[in-house]
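In: attaching a predicted model along with its sequence, questions to come.
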Amino acid sequence: MKVKVQTLGGDSAAKSGGDLQLDDAVFGVEPRADILHRVVTWQLTNRRAPARAARERSDVARTGKKFGKQKGGGTARHGDRRAPIFIGGGKAHGPRARVFSSSLNKKVRALGLKMALSSKAMDGKLIILDNLDVKESKTKALREQLGKLSFGKTALVIDGDALNVGFARASSNLGDINLMPAAGANVYDILRHETLVLTRAAVEKLEARFAVPGEAK
């Protein structure tokens, strides 16, 4: 699959090296909804914070001494301040401590990421940029530059190993732009953004990540 490399100014690729040939083994995989659903569910489950347990009768520090007469007091015959009906007493049938985790085969996770990348490429929602260099790290200037590109309502921008500091600073106030390194590329974030933007460095990193050792590209 061959795509046009653009620049942040919206210029087409002439200055930056023309078209880029994408590896079909990474960007040309037919998406399957069941695989993508499994990977997204696995991601969302594993990022859930642990649930805290409520303090029950045995967990609160209240007296267990009988605090009223058995008869003749005109009140109920309570014998324990830890009962749930008293303020400061234990919680009855409260939530239990839980840790949410799920496992998923590594091959399925890798396949899911390939399918997510491929789905953006097939839908025409993949933009390749030469790099993320900006003349000045200003949000206003960057927004004007991005206006020449069709980023849609939301865009996920993936750079190489390290983030471009100038672009990161300029885009930090843009709520519709999210930036991450290639190592953080994941199915959930790719699918929840309308447009996927990759730099040349990101494409190289992603293709190298799925390269089979000893196999020529």
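Out: That came through fine. Everything quoted here is computed from the prediction, not taken from an experiment. Residues are numbered from 1 along each chain as shown.
In: residue 4 and residue 18, how far apart?
Out: For residue 4, the distance to residue 18 (CB to CB, to the nearest Å) stands at 8 Å. Bear in mind the C-beta positions are built from the backbone N, C-alpha and C, glycine included.
In: check residue 55 too.
Out: Taking CB to CB, one finds residue 55 at 66 Å from residue 18.
In: more crowded one of those two?
Out: Taking neighbours as other CB atoms under 10 Å, residue 55 and residue 18 compare with residue 55 leading, 15 against 11.
In: so the more buried one belongs to a helix, correct?
Out: No: assessed with DSSP: H, G, I helix; E, B strand; the rest coil, residue 55 is coil; it does not lie in a helix.
In: any idea of the pLDDT on it?
Out: Looking at residue 55, its pLDDT is 95.
In: again, but for residue 172
Out: 93.
In: which residue, neighbours along the chain excluded, lies closest to it?
Out: Spatially, and ignoring its direct neighbours in sequence, residue 172 is nearest to residue 139 (7.7 Å; CB to CB, 6 or more residues apart in numbering).
In: which ones are touching the one you found?
Out: 170, 171, 172, 173, 174 (CB atoms under 8 Å, 6 or more residues apart in numbering).
In: please report how far the third one lies from residue 137.
Out: So the one you mean is residue 172. From residue 172 to residue 137 the distance is 9 Å (CB to CB).
In: between the two, who's got more neighbours?
Out: More crowded of residue 172 and residue 137, by other CB under 10 Å: residue 137, with 16 against 12.
In: tell me the SS of that one?
Out: Going by three-state DSSP: residue 137 is coil.
In: over to the one 4 residues further on?
Out: The three-state label given to residue 141 by three-state DSSP is helix.
In: from residue 169, how far out is it?
Out: From residue 141 to residue 169 the distance is 11 Å (CB to CB).
In: got the CA coordinates for stretch 27-39 in CSV?
Out: Provided in CSV are the C-alpha atoms of stretch 27-39 (Å, rounded to 0.1, in the frame of the first residue of the first chain):
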residue,chain,number,x,y,z
PHE,A,27,-1.4,-2.0,7.3
GLY,A,28,-3.2,-4.4,4.9
VAL,A,29,-4.8,-6.9,7.3
GLU,A,30,-8.6,-7.4,6.9
PRO,A,31,-10.2,-6.1,10.2
ARG,A,32,-12.3,-8.5,12.2
ALA,A,33,-14.8,-7.1,14.7
ASP,A,34,-14.5,-10.0,17.1
ILE,A,35,-10.7,-9.7,17.4
LEU,A,36,-10.9,-5.9,17.9
HIS,A,37,-13.6,-6.4,20.5
ARG,A,38,-11.5,-8.9,22.4
VAL,A,39,-8.4,-6.6,22.5
